[in-house]
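Trainee: no sequence on this one, just coordinates:
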């Protein structure tokens, strides 16, 4: 097992292949603040690489063997393909070369409380909710977020060794490398099917993750999700289940009310101990699950109940999570990170319940493999939208696949009665919105590629280049 000690400064230099990723850049920042020398490479500049460069990190653009200059450890992201020249050279060296997941797992062991948030949906939101609570407590936490939060001015906060809060994504079974003291499992859905065979494969991986937990650990599990139930028999530590109106749950979400624009409040009723009343400043009933899990994680690690209530009531959402970026012609322009059918369906349902006029959704599918594997599920996710625009697929780490196209999704949507159309580029989508948008419409761009750039293009009347990654 790979081990890493933050106090072992016989290790001087660490090199990151793919340093611009949200998690990789956060880990690099944390190591830099702990006195290590950090270098890295990526395909192109982005806000994370620019921030690291401003802190003195040498970042190479383009991935070549000569980027590596005698580091003690090399960390690479899962987005790096095996034929990458820099990775091939790295593996020829007589030093540890580990994935981001392996390194993060070793990093967790340096903290008294390591809180890892898992689930197909909601990880970043829960991580940011826990962050909002802890940064206002007596503690000085370290945070690794999958998005940007204004409270910590970005995606990372370097604190002391009491708390490390991080997302724990299941992609490529990375969770099997993690041994946190507290784990949250929000839900388990069919996703990342470029790696997993099926849902059973995903569930079995989560079971393996539960087996990593020791007798003193806390596992917070959503038992309203049927795929989470098999995990319960494999946890040696303390189990804290939660659900909505669920008599079998240790914590049940009850007494649900909504204000005039749909923001929920509820009682988190404990079978044992004291219940708490929670009021959220954001819409979406799925956020009650997110808030409940964050509250339980804080309660079981000894955080004051009144602080939890106060900070959840004042919660500031992450960027790209139902974020309003501006207006055009009296319409609100919003962007969201949702890229899985369940996420999109839940978000559109929440927005559709409180729209004033039309709800227009522009979807940029993310990866050929996900679009192909979940095509039917995607076609059932957009019923709450009055118009759906599907742009070209964002390939991300994948090569072009001619067997799947955005038009395949559009055809299915139209067959199911959805007003959908294929518009390949952001420039064309912007022109269409400008020609059709009406006052009090809500236009939402969604996906985990770069659809936020389209939202800025519409709201600020920019072209793609000026709304690009460096200014988004």
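Mentor: The structure has been received and is ready for your questions. This one's a predicted model, so the numbers in the text were calculated from it and none came from an experiment.
Trainee: do a quick rundown of the strands in the stretch 101-250 of the chain.
Mentor: Using DSSP state E, counting those that start in this stretch, the strands of the stretch 101-250 of the chain run over residues 113-118, 142-149, 154-157, 163-167, 182-185, 218-222, 238-244.
Trainee: would you mind saying which of the ones you listed lies nearest residue 460?
Mentor: strand 142-149 (18.3 Å; Cβ to Cβ). From N, CA and C alone the C-beta is placed, and that goes for glycine too.
Trainee: next, the angle strand 163-167 makes with that closest one.
Mentor: Per axes from the mean of the first three to the mean of the last three Cα atoms, to 10 degrees, the angle that strand 142-149 makes with strand 163-167 is 40 degrees.
Trainee: oh, and call the first residue 52 from now on, that's how I've got it
Mentor: Sounds good: first residue 52 from here, last item strand 193-200.
Trainee: dump the strands of the stretch 152-301 of the chain to a markdown table, plus distance to residue 406.
Mentor: Shown next, in a markdown table, are those (distance: least, Cβ to Cβ, whole Å):
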| stretch | distance to residue 406 |
| --- | --- |
| strand 164-169 | 30 |
| strand 193-200 | 25 |
| strand 205-208 | 31 |
| strand 214-218 | 30 |
| strand 233-236 | 31 |
| strand 269-273 | 28 |
| strand 289-295 | 24 |
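Trainee: which one of these lies closest to residue 124?
Mentor: Of all the strands of the stretch 152-301 of the chain, strand 193-200 comes closest under Cβ to Cβ, at 17.7 Å.
Trainee: helices or strands up against the closest one?
Mentor: Contact here means 3 or more Cβ pairs under 8 Å, 6 or more residues apart in numbering; DSSP states H and E; on that basis strand 193-200 packs against helix 73-84, helix 174-185, strand 205-208, strand 214-218.
Trainee: picking that back up, ranking the strands of the stretch 152-301 of the chain by mean pLDDT, which is last?
Mentor: Per-stretch mean pLDDT for the strands of the stretch 152-301 of the chain is lowest at strand 193-200 (a mean of 88).
Trainee: next one: that strand to chain centre, how far?
Mentor: Mean C-alpha position of strand 193-200 versus that of the full chain (Cα atoms, centre = their mean, to the nearest Å) differs by 9 Å.
Trainee: likewise for stretch 163-172?
Mentor: On Cα atoms, centre = their mean, the centre of stretch 163-172 falls 11 Å from the chain's centre.
Trainee: pick out the residue nearest the middle of the chain.
Mentor: residue 175 (4.2 Å; Cα atoms, centre = their mean).
Trainee: so residue 343 sits against residue 304, correct?
Mentor: Yes - with contact defined as Cβ atoms under 8 Å, residue 343 reaches residue 304; the gap is 5.5 Å.
Trainee: what is in contact with these two at once?
Mentor: By the contact definition Cβ atoms under 8 Å, 6 or more residues apart in numbering, residue 343 and residue 304 are jointly contacted by 293, 317, 319.
Trainee: okay if I get those residues as TSV plus neighbour count and distance to residue 483?
Mentor: What follows is the shared contacts of residue 343 and residue 304, written out as TSV (neighbours: other Cβ atoms under 10 Å; distance: Cβ to Cβ, whole Å):
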residue	neighbour count	distance to residue 483
293	24	43
317	22	40
319	24	44
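Trainee: which single one of the residues you listed is nearest to residue 446?
Mentor: residue 293 (37.3 Å).
Trainee: picking up where we left off before, ok, which of the helices and strands packed on strand 193-200 comes nearest residue 410?
Mentor: helix 174-185 (21.0 Å).
Trainee: what helices or strands is the longest helix belonging to the chain leaning on?
Mentor: Using DSSP state H, we find that the single longest helix of the chain is helix 337-351. Here helix 337-351 touches helix 174-185, strand 233-236, strand 269-273, strand 289-295, strand 302-309, strand 315-321, strand 327-330, helix 356-364, going by 3+ Cβ pairs under 8 Å, 6+ apart.
Trainee: residues in contact with that helix?
Mentor: Taking Cβ under 8 Å, 6+ apart as the rule, helix 337-351 contacts 166, 168, 172-173, 176-177, 180-181, 184-185, 233, 235, 237-238, 269, 271, 273, 275, 289, 291, 293, 295, 302, 304, 307, 315, 317, 319, 327, 329, 331, 356, 358-359, 363, 366, 397, 401.
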